[in-house]
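S.K.: Sequence and computational prediction follow.
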Amino acid sequence: MAEDVRAEMVSTVFQIVVAEGDEVKEGDTLVILESMKMEIPVVAESDGTVASIGVKPGDVIQQGDLIAVIS
């Protein structure tokens, strides 16, 4: 079953830590967002494989936007 990883707040994509096809464990950092000069890691909530990444560095994302899919 695929897990959608979505933004929890308006922010800017600062860095993408993983690539499509990477194996991740629960708690691994997927991307780092920046909001109000703070860096916010977005972590995997389950083990799996990164099926897709829906953002790129510099993107401004809104709450609820799709960041990645883990299958």
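M.R.: Nice, I can see it.
S.K.: Tell me which residues touch residue 5, please.
M.R.: By CB atoms under 8 Å, 6 or more residues apart in numbering, the contact set of residue 5 is 30, 42, 44-45, 66-70. Heads up, the C-betas are built off the backbone N, CA and C, glycines and all.
S.K.: Name the helix or strand for it, please.
M.R.: Using DSSP states H and E, residue 5 falls within strand 3-6.
S.K.: centre of the chain versus that strand, how much separation?
M.R.: Its chain's average C-alpha position is 8 Å from that of strand 3-6, according to CA atoms, centre = their mean, to the nearest Å.
S.K.: ok, and what's touching the very next helix or strand once past that strand?
M.R.: Downstream of strand 3-6, the first helix or strand assigned by DSSP H and E is strand 11-16. With contacts defined as CB under 8 Å, 6+ apart, strand 11-16 is touched by 30-35, 39-40, 53, 55-61.
S.K.: Give the pairing partners of strand 11-16; include direction for each.
M.R.: Sheet partners assigned to strand 11-16 using DSSP bridges are listed as strand 29-35 (antiparallel), strand 60-61 (antiparallel).
S.K.: so where's the chain shaky on pLDDT?
M.R.: Along the chain, segments meeting pLDDT under 70 are nowhere present.
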